[in-house]
Every structure is written in structure tokens, then in C-alpha cells.
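Peer 1: Sequence first, then the predicted structure:
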Amino acid sequence: MDIPALFDRYEWGFETVEAGIWRSTFADEQDEEFDLYVAEGEEWLHFAVTPLTPFPEPACRGKLTSLLLSLNQSVRLVRLATDSDGDVSLLADLPLAGLSFSLFAATMDALVHYTRELAAPLARTATDPRFEISFP
């Protein structure tokens, strides 16, 4: 599969980090920039907006983790995760078998949509122990 051609068709700029890994950036309405990585595995195409939030304050980690788990029940096509360093990421995966432009575009749209919707309140949750938010 020609992943750079999918980026081009989507009209989205990118750079090749190394063979099989591409990086791009985009901004939300507050001009906060986010890194998007796409990595081609043997069977899957992996997407990651990372980091999605600032590094969580110790007093905020429990509440942030609970919120991420709750949000994973309502987001579609993507999932929220933390890595071993504590960074929060927005992830998606597509099987390479049968990969189409429409699936690629829908995944990119979902990543951008959820980043723009969730990044600011998740950042507040990660850094302000007094901040309270709930999502439907």
C-alpha cells in the first residue's frame, strides 16, 4: 500500500521519519499544535496523536485515567491510551488488507475531530486537580 499517496490524496502534508513511519502536525481552534504519527506494520496501519495532553500532574493521574476509560466507551474508530511514560495518546489502527482511501480519510477525520474536541479538557484534567468535567 502506498501510504504517502493516501496522504497526498487527503491533501495533508507529512514528512517521512524513517521507512514506514510518517509524521504530520495539525492545530486545534486555539492554535495548539499536535503531532500525528502513522506507522506501517506487517498487517496494520497504526495512527497516533501523541502527546495529546501535557504530562499529567501526580495529583491528576487517577482522575485522568478514569476519564480516559470512560471516554473510550463513547469515542468511535479511535481509542485513548497512556504509555509507560504516562503520555496520553489518541490511537487508531486499520488493517492493511483492504485498506482504502475512504477508511484512511475517515480515520484521519476522526483523529482530528476527537483531538479538537477532547485535547483542551483533557489537558485541564491532567494539570488541574480542581478541574471537573464530564462527557456524555
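Peer 2: In hand now; what should we look at?
Peer 1: alpha carbons only for contacts and neighbour counts from here, please
Peer 2: Will do.
Peer 1: Grab the longest helix from the protein for me.
Peer 2: The longest helix of the chain (DSSP state H) is helix 101-127.
Peer 1: Could you give the average pLDDT over it?
Peer 2: Taken as a whole, helix 101-127 has an average pLDDT of 96.
Peer 1: which helices and strands does that helix pack with?
Peer 2: helix 3-10, helix 61-71, strand 88-95 (3 or more Cα pairs under 8 Å, 6 or more residues apart in numbering; DSSP states H and E).
Peer 1: quick one, which of those is packed in tightest?
Peer 2: Highest mean neighbour count among those (mean count of other Cα atoms under 10 Å): strand 88-95, with a mean of 20.
Peer 1: Mind listing residues that contact it?
Peer 2: Strand 88-95 has contacts (Cα atoms under 8 Å, 6 or more residues apart in numbering) with 43-53, 55, 77-83, 103-104, 107, 111, 115.
Peer 1: Where does W22 sit: helix, strand or coil?
Peer 2: Under DSSP: H, G, I helix; E, B strand; the rest coil, W22 falls in the strand class.
Peer 1: does it have beta-bridge partners, and which?
Peer 2: Beta-bridge pairing for W22 (DSSP bridges): T16, V38.
Peer 1: nearest to E29, of the helices and strands packed on helix 101-127?
Peer 2: Of all these, strand 88-95 sits nearest to E29, with 17.7 Å by Cα to Cα.
Peer 1: quick check: angle from the closest one to helix 61-71?
Peer 2: 30 degrees (axes from the mean of the first three to the mean of the last three Cα atoms, to 10 degrees).
Peer 1: I'd like the average pLDDT over strand 88-95.
Peer 2: Here the average pLDDT along strand 88-95 is 98.
Peer 1: tell me the angle it makes with helix 101-127.
Peer 2: Using the same axes, to 10 degrees: strand 88-95 against helix 101-127 is 160 degrees.
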